[in-house]
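Participant: Have a look at this prediction, sequence included:
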Amino acid sequence: MAPESFIVSGDKLTGPKNSTILITGGSSGIGLQTAVLLHDLGNNVVVLDRAQPHASAPKSLTSSSRFLYQQCDITLWKSQRAAFEAGFQKFGSIDGVFVNAGVAEYKDQFFQDGMDKDGLLEEPDRRTLDIDMHAANDTTKLAIHYIKKGPEKKNGGSIVMTASLAGYLASAGAPLYSAAKHGIVGLMRALKNDTAKLGIAISVVAPGITLTDIIAGRKSGESLSDWAKRMRALGVPINDPSEIAAYVVHLMSLGMEANGKGLLIQAGRAVDVEQGIATSRKIWMGEEMLRLFRGGRNAPLFPNRL
């Protein structure tokens, strides 16, 4: 049976509370809305970003003793590590991490050829993979380390990662972005059994088109709201960043029940795609391949290293 879609409303959420949550890319868009919601629920919030919090960030957040902003280049290990350490030192623990920072596709890296000074094919620009995949890997490594590092009485924690609709259904116009977001989904799937042993729930949100500054394709001078109005008139499902934030906080409130979930979000509605994939294996693998898979999955090819 296919999983059913559902709606989470931010004003109905009651947790988590009294926790410390670190957010990468938390100065604007989905990250900022998540920071506001978590802070309003009574949590400490640590924001990592290259830029200061957006002017729209409420003073109740940025002037709070429960808020810490750390200027950070997430592509640099030492910069991320220092920012995590600063959050840990200020609040005494890190209980949850939202692995959110990302960029859109940067130019055409496959079909437009540039030449270097020697007249040879220019090396591709890898910033999309560097930020959306490699830096996210680093954030996840740091998240596991610092959640484990907390007080002994603390029981596990939560990691939520921003994937994308393009992480399930690739976007032909954004191959590297799609590859990176598929990688985020794969990383969650590969880690979930081991993080569960540590009491850490790991999950992803996979938004469709969401009104953030990385949106491409706007007309010259067109605002995000005008672009959204034009797209909605064409039948395009659009998310608001606050809607995605509500699902992130919802996952963090579920404890270990969130482990392995992948919420695809369109027009403010969500469905757990991972549940649908798991229950339909016979359809997309075929009976023979599924039987072979089940017969060999206990082989000690990749031993648990915990």
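Facilitator: Looks like it came in fine.

Participant: Stretch 105-115 spans what distance, first to last residue?
Facilitator: 20 Å (C-alpha to C-alpha, to the nearest Å).

Participant: ah, wrong one, I meant stretch 265-276
Facilitator: Taking C-alpha to C-alpha, stretch 265-276 runs 14 Å from one end to the other.

Participant: Have a look at this structure and report the helix or strand with the lowest mean pLDDT.
Facilitator: Ranked by mean pLDDT, DSSP states H and E, the weakest helix or strand in the chain is helix 224-233, scoring a mean of 84.

Participant: Give me the buried positions along it.
Facilitator: Residues of helix 224-233 classed as buried by neighbour count (16 or more other C-beta atoms under 10 Å): 227-228, 231. Quick note: C-beta positions are derived from backbone N, CA and C, even for glycine.

Participant: Using TSV, lay out these together with distance to residue 139.
Facilitator: Shown next, in TSV, are the buried residues of helix 224-233 (distance: C-beta to C-beta, whole Å):
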residue	distance to residue 139
227	29
228	29
231	30
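
Participant: So for stretch 243-260, mean pLDDT?
Facilitator: Averaged over stretch 243-260, pLDDT sits at 98.

Participant: And for it, what's in contact with it?
Facilitator: Stretch 243-260 is contacted by residues 8-10, 13-16, 19, 21, 30, 33-34, 36-38, 41, 96, 98, 156, 158, 160, 188-189, 192, 195-196, 199, 201-203, 205, 207, 210, 261, 263, 265, 268, 270, 274 when judged by C-beta atoms under 8 Å, 6 or more residues apart in numbering.

Participant: now stretch 89-105: mean pLDDT?
Facilitator: Model confidence over stretch 89-105 averages 97 on the pLDDT scale.

Participant: Now the buried members of the contacts of stretch 243-260.
Facilitator: By 16+ other C-beta under 10 Å, the contacts of stretch 243-260 give 8, 10, 13, 15-16, 19, 21, 30, 33-34, 36-38, 41, 96, 98, 156, 158, 160, 188, 192, 195, 199, 201-203, 205, 207, 210, 261, 263, 265, 268, 270, 274 as buried.

Participant: In strands, which of those residues fall?
Facilitator: 21, 96, 98, 158, 160, 201-203, 205, 207, 263, 265, 270 (DSSP state E).

Participant: Dump these into JSON lines; add distance to residue 147 as well.
Facilitator: Below are these laid out as JSON lines (distance: C-beta to C-beta, whole Å):
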{"residue": "21", "distance to residue 147": "11"}
{"residue": "96", "distance to residue 147": "8"}
{"residue": "98", "distance to residue 147": "13"}
{"residue": "158", "distance to residue 147": "8"}
{"residue": "160", "distance to residue 147": "12"}
{"residue": "201", "distance to residue 147": "10"}
{"residue": "202", "distance to residue 147": "10"}
{"residue": "203", "distance to residue 147": "14"}
{"residue": "205", "distance to residue 147": "19"}
{"residue": "207", "distance to residue 147": "24"}
{"residue": "263", "distance to residue 147": "21"}
{"residue": "265", "distance to residue 147": "25"}
{"residue": "270", "distance to residue 147": "25"}
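
Participant: Nearest residue to the middle of this structure?
Facilitator: The residue lying closest to the centre of the chain (C-alpha atoms, centre = their mean) is residue 162, at 1.6 Å.

Participant: so that one bridges to which residues?
Facilitator: Counting by DSSP bridges, residue 162 forms beta bridges with residue 205.

Participant: what do you get for residue 239?
Facilitator: Applying DSSP bridges, one finds that residue 239 bridges with residue 210.

Participant: Distance check, it against residue 267.
Facilitator: Spatial separation of residue 239 from residue 267 under the definition C-beta to C-beta, to the nearest Å is 7 Å.

Participant: Are there residues contacting both of these two? Which ones?
Facilitator: Common contacts of residue 239 and residue 267 (C-beta under 8 Å, 6+ apart): residue 208.

Participant: Neighbour count: those two, which is higher?
Facilitator: For residue 239 versus residue 267, the count of surrounding residues by other C-beta atoms under 10 Å is larger for residue 239: 23 against 15.

Participant: Can you report how many residues lie near residue 107?
Facilitator: The number of residues packed near residue 107 is 12, by other C-beta under 10 Å.

Participant: Now name the helix or strand holding it.
Facilitator: Using DSSP states H and E, residue 107 maps to neither a helix nor a strand.

Participant: wait, isn't it in contact with residue 125?
Facilitator: Yes. Using C-beta atoms under 8 Å, residue 107 makes contact with residue 125 at a distance of 6.6 Å.

Participant: which residues are in contact with stretch 79-93?
Facilitator: 20, 22, 24, 44, 46, 48, 68, 70, 72-74, 94, 135, 138-139, 142, 145-146, 149-151, 154.

Participant: Nothing else from me, thank you.
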